[in-house]
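>>> quick one, structure for this:
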Amino acid sequence: MKTTGHSARIGPMGYALFLPVLFLAAALLMAGLSGAASARTQFSPPGGLPLTTQIGTATNSDGTPAVTLGSMQEGLEANGRHIAALQNAILSHDALAAELAPYLTQAEAEARYATQEAVAGAISGAVQAETDRAGSAERRNAEDIAAIRSGYVPTGTLNTVLRSYVTGSGLDVALAPYLTQDEAEAAYLSRSGGRTSGPLNGVDFLDGLVGSSAPGSAVVLTTDNSGAVNGANCMRVPPVGITGLTIVAAGVSSNGTDAVMQKFDGVAVFTAHGTPLMANQGASSNYPSFGSPGAWSVTASVDVPTRCVVITVRAGGSGSWKWRASMRAETLLP
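Take a look at the predicted model:
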C-alpha cells in the first residue's frame, strides 16, 4: 500500500485484505449492539495487519490516517460501552408505567382535587377575606383608641387631679390620733357605767304609741299600730326593781270637734321574782276633754308575760278616733 500527500490508494491486494476487515468490523458492531460489552477481548486484525492500517482515504490535518483499524476498534468498543450504559439507565414502557402508577397526571389531579385556577381563586379569596378582617380589626382598634382618648384622662392629668385627695393609707395616718365610737365606748363608757342603748342613767322615754278606734270601742296603743303588745312594740319594765311612770295619752275624733287627753303621775311597777306589779295606776291629775266625746277612758296596766306597760283607750261620741301616747320610765331600784 502506498500513500501520497493526504490521499491513500489501495491496490488489488489491499482490497483483498480490506474486505475481511470490514466484515470483522461489522461483526464487532453487531456484538456491541447486542450488549456484548461485558468483557473486553484483545482485537487481532485479520491477515496480520497492524492496528495502524488505514481504512478509507480520509486523513487528519497532520497527514495521519483519520480512521485506522485501531481507532475503529476503539470507537466500536466505546459505542458498546455507551449502549450498555443506556441499557442500564433506561426503562421499558412496562417498567416506566409501573413506576408512574402511584402518581397522578395533571388532568387526573385536577379532576380529583382542584384545577390550578380553582386553587388560585381560593387563595385569592382567602387573601381577600384576611385583608377584610384585618381592615375591620384596624377600624375597631381605631374606634377603641378614639373612645379611650375621649373618655379617659392621661396619667399625668389624673395625678394632678388626685393630689387634692387623700389615700387610704394617708387617711389612716391622719385618723390615728382619733378614737372610733367602739373604741370610745370601750374606753370610757364602761368607766362611768354608761350605755348606748336602753334607759339613760335609768331613765327611758317612749314616744309614738298609736292606735285607731271606732266610737265605743277600745284599742291598745303600740308602736306598730297592731293593737296588741308583743314585747317589741311597747315600753317594757326591767325584770328586777321598781319603776316610776309618767304617761300622757290623747285622742282626736274625725268629726273635728271632739278630743280628750289624760295624764298619769306616780304610777309605779315593781318586779319581784319576774312578776311585775302595778300600783296607783288610776292616779290622774289632768284629764281635759273637748266637744262631746261621750263616755271615754284611758287606763294603764302591765302585761305579765312581756312586762309591757299597756295603755288601753276608749271614746264615744261620733267619728273615728286617732290616738297617741308617750311615757317616761325611771327605774329607781336596784
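
>>> so Ser213 sits against Gly317, correct?
No: contact criterion Cβ atoms under 8 Å: Ser213 and Gly317 do not qualify, at 11.3 Å. In short, each C-beta sits where N, CA and C put it, glycine included.

>>> mutual contacts of those two, please.
Counting by Cβ atoms under 8 Å, 6 or more residues apart in numbering, Ser213 and Gly317 have no common neighbour.

>>> the helices in the stretch 51-200 of the chain, which residues?
69-89, 93-100, 106-112, 116-151, 155-162, 168-175, 181-184, 190-192 (DSSP state H, counting those that start in this stretch).

>>> pLDDT on the first one, on average?
The average pLDDT for helix 69-89 rounds to 84.

>>> in it, which residues are buried?
Burial within helix 69-89, assessed by neighbour count using 16 or more other Cβ atoms under 10 Å, is assigned to 69, 72-73, 76-77, 80, 83.

>>> return the closest of those residues with respect to Asp224.
Minimum distance to Asp224 across the buried residues of helix 69-89 is 125.5 Å, recorded for Ile83 (Cβ to Cβ).

>>> confirm Met278 sits in a helix?
No: using DSSP: H, G, I helix; E, B strand; the rest coil, the assignment for Met278 is strand, not a helix.

>>> so Val153 touches Val161, yeah?
Yes: between Val153 and Val161 there is a contact under Cβ under 8 Å: 7.5 Å.

>>> can you list the domains in the chain?
What automatic domain parsing lists as the domains of the chain is 2-89, 203-333.

>>> let me have those domains in a markdown table, extended by distance to Tyr103.
As requested, the domains of the chain are exported to a markdown table (distance: least, Cβ to Cβ, whole Å):
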| stretch | distance to Tyr103 |
| --- | --- |
| domain 2-89 | 20 |
| domain 203-333 | 97 |
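
>>> most packed of those?
Among those, the stretch with the highest mean neighbour count (mean count of other Cβ atoms under 10 Å) is domain 203-333, at a mean of 17.

>>> rewinding a little: ranking the domains of the chain by mean pLDDT, which is last?
Per-segment mean pLDDT for these reaches its minimum on domain 2-89, at a mean of 67.

>>> now do the contacts for Asn225.
210-212.

>>> quick check: of those residues, which lies closest to Gly274?
Nearest member of those to Gly274, counting by Cβ to Cβ, is Gly211, at 28.1 Å.

>>> how about the closest one, what does it touch?
219-222, 225, 227, 313, 322-323.

>>> please apply the same query to Leu333.
241-242 are the contacts of Leu333 under Cβ under 8 Å, 6+ apart.

>>> over to Val127?
With Cβ under 8 Å, 6+ apart, Val127 has no contacts at all.

>>> that one and Ala120, how far apart?
Val127 sits 10 Å away from Ala120, going by Cβ to Cβ, to the nearest Å.

>>> same check, this time on Val237
Taking Cβ to Cβ, one finds Val237 at 101 Å from Ala120.
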